[in-house]
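J.: fold the following.
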Amino acid sequence: MIIDFNMPESEYHAYPALSVSGVKDLLVSPLDFWVRSWMNPEKEDKDTDAKKLGRAYHKRVLEGVEAFQEVYAIKPNKADHEDALVTCEDMRDWLNARKLPHSGSKAEITKRVLQADCNAPIWDLIVAEKTEGKEIISSDKAESIELAARAIEAQPGIGESFKDGRAEVSLFWEEDGTPMKSRLDYLKSAAIVDLKTFSNSLRKPVDVAVSQAVANNKYHIQGYAYLRGLEKIKKGLVTGSTKVIGDVDEAFLEAVANTKRHRFFFVFQQADGVPNVLAREFREFETYGGLGMTPNAYYTAGENGFHTGLALYRQCMEFFGKHKPWHPMTKPRPFVDTDFPMWMFD
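T.: Purely as a prediction, here's the structure:
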C-alpha cells in the first residue's frame, strides 16, 4: 500500500490500477472502461482547454493564492501595450521605417529588431518576460477562478475546508489482489474534502441541483471508495505496511493514522456564472432520536456500486485479459416493459 503526497497528476492517471472513474465506466459497460483505460494501446489523453481550466481552478482553491501564482501567470493584455510588435509584418514595418533590412524569417527579423533596439517592444518577448516560463492563463479566466475561490473562502463553515491539510493525495491499495487507486482532492487529519462543480441550466433550487449531480455522476460510489481506501491505508500506517512517499509532516501523518473514522465532505460550486457554494457530508449512518443508528441508503448504494464494478472488473480480466477489448458479455433478448421510463406510457 502507498500514500503519495507528491505524485504528478499525469503519473497518477497512467498508473495501472482500478479507480473510481473506472468502476463507474464498468457500470456503463466493460467496453467503456477498456477504451478509457491504460489497457487500450490507442488511447489518447487529450489535454483540453476544459481540463487545463479545471487544474487551474483546483490549484487555486485547494492550495491557495501563492501556490497558484507559482504555477500560473496571467497573459499580458495587448491593450496595455499599444506599441507592441505582434506580427512579422509589424516588425517588418518597424525595420522599414528605420530604413533597415526587413526580409527573412521571423527569427531573423526579430534579431534585426533587437540589434537595432534591445528594448524594442516585441510582443513574444513581453509575454515571455511576464510569464517567466509559467503556464499562461488569460486574465478573464484568472479573474473567474479568483472570484470562485473567494466565494468558497467566504462561506461560514466552508471556508476552512481546504486548510490545514494536503491537496492531491494519491492512494494505492489492493482489494483481494486487485490493484486500486484514488486521488483525494484534500486530506485533513480527520476528514476528506472533495471539490465538485455543478451546472444548473434548468434553474432548480441549488440543493436539488446538487443532489441530482450526485445521482447523475455516481458521486456516492466515490464517497464510499475513498473512505474504504483511506481506512486500508491508515491500517497500513499503523502496522508499517503502507509506504509513505513525499514530504509530509510526521505529526499530520500520525493524526491521520490515529483518526478512528474519517469524515467525508463534498464542497459543490456552481460553474455557470453564479458561484453558489454548498457543502454536504457523505456518511454511513444517521441517528434519529432514540432509534439508534440507521444506515443511509445512498451510502449502501455507493457500496453496492463499488463492489459490483469491482466484481465485473475481475470477471472481465479473467475472461478477456488486458490486451483484448472488453465487449459486453450479454446475449440478445426482447424488450420488457420495465426497460423503459414510466413517462413513455403516458
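J.: I'd say S170 and D185 touch.
T.: No. Applying C-beta atoms under 8 Å as the test, S170 and D185 come out as separate, 11.3 Å apart. Placement of C-beta: from N, CA and C, glycine included.
J.: what about the helices in the chain?
T.: With DSSP state H as the criterion, the chain has helices at 9-14, 20-28, 30-36, 49-63, 65-71, 88-97, 106-116, 123-131, 139-153, 206-217, 219-239, 250-258, 297-320.
J.: out of these, which comes closest to R280?
T.: R280 lies closest to helix 206-217 among the helices of the chain, at 6.7 Å (C-beta to C-beta).
J.: how about residues contacting that closest one?
T.: Applying C-beta atoms under 8 Å, 6 or more residues apart in numbering, the contact partners of helix 206-217 are 24, 196, 198-200, 202, 204, 219-220, 266, 268, 270, 276, 278, 280, 298.
J.: and N40, how many residues sit next to it?
T.: 16 (other C-beta atoms under 10 Å).
J.: excluding chain neighbours, what is closest to it?
T.: W34 (6.0 Å; C-beta to C-beta, 6 or more residues apart in numbering).
J.: ok, now how distant is the nearest residue to L227 once chain neighbours are set aside from G104?
T.: Using C-beta to C-beta, 6+ apart and skipping the chain neighbours, the partner closest in space to L227 is F264 (5.5 Å). Look at F264 and G104: by C-beta to C-beta, to the nearest Å, they are 61 Å apart.
J.: more neighbours, these two?
T.: Taking other C-beta under 10 Å, F264 and G104 do not tie; F264 has more neighbours (22 against 14).
J.: and the more buried one, what pLDDT?
T.: On pLDDT, F264 comes in at 97.
J.: same deal with the one 5 residues further on?
T.: Per-residue confidence at Q269 stands at 95 (pLDDT).
J.: that one touches A148, doesn't it?
T.: Yes. With contact defined as C-beta under 8 Å, Q269 counts as touching A148 (6.0 Å).
J.: who touches both of these two?
T.: Listed as contacting both Q269 and A148 by C-beta under 8 Å, 6+ apart are P275.
J.: for Y72, give me its contacts.
T.: For Y72, the contacting residues are A56, K59, K134, E135, I136, I137, A142, by C-beta under 8 Å, 6+ apart.
J.: next, count neighbours for the spatially closest residue to R263 that is not a sequence neighbour.
T.: Once flanking residues are discounted, R263 sits nearest to A191: 4.4 Å by C-beta to C-beta, 6+ apart. A191 has 16 neighbours, counted by other C-beta under 10 Å.
J.: for A191, which residues are in contact?
T.: Going by C-beta under 8 Å, 6+ apart, the list of residues near A191 reads G165, H262, R263, F264, F265.
J.: please repeat the previous calculation with a cut-off of 7 Å.
T.: Contact analysis of A191 by C-beta atoms under 7 Å, 6 or more residues apart in numbering lists H262, R263, F264, F265.
J.: most neighbours, which of these?
T.: Busiest of the contacts of A191 [other C-beta under 10 Å] is F264, holding 22 neighbours.
J.: pretty sure it sits against A225.
T.: No. Contact status for F264 versus A225: not in contact, 10.4 Å apart, counting by C-beta atoms under 7 Å.
J.: give me the helix or strand of this protein that scores worst on average pLDDT.
T.: Lowest by mean pLDDT, DSSP states H and E among the helices and strands of the chain is helix 123-131, with a mean of 77.
J.: now the angle from it to helix 106-116?
T.: Between the axes of helix 123-131 and helix 106-116, defined by axes from the mean of the first three to the mean of the last three C-alpha atoms, to 10 degrees, the angle is 80 degrees.
J.: do you know how far the residue nearest to R263 is from I126?
T.: According to C-beta to C-beta, A191 stands 45 Å off from I126.
J.: L237 too?
T.: 50 Å.
J.: same thing with L85?
T.: On the measure of C-beta to C-beta, L85 and I126 end up 9 Å apart.
J.: do T287 as well
T.: In terms of C-beta to C-beta, T287 sits 61 Å off from I126.
J.: more neighbours, those two?
T.: Legend: neighbour count by other C-beta under 10 Å for T287 and I126, higher for I126 (17 against 9).
J.: how far away is the more buried one from A84?
T.: Taking C-beta to C-beta, one finds I126 at 6 Å from A84.
J.: ok, now V214?
T.: In terms of C-beta to C-beta, V214 sits 48 Å off from A84.
J.: how about I109?
T.: Distance, I109 to A84, by C-beta to C-beta: 15 Å.
J.: looking at those two, which is more packed in?
T.: The neighbour count for I109 versus A84, taken as other C-beta under 10 Å, is higher for I109 (22 against 18).
J.: number of nearby residues for the closest residue to the more buried one other than its chain neighbours?
T.: Computed as C-beta to C-beta, 6+ apart, the closest residue to I109 that is not its neighbour in sequence is M91, at 4.8 Å. If you count neighbours by other C-beta under 10 Å, M91 ends up with 21.
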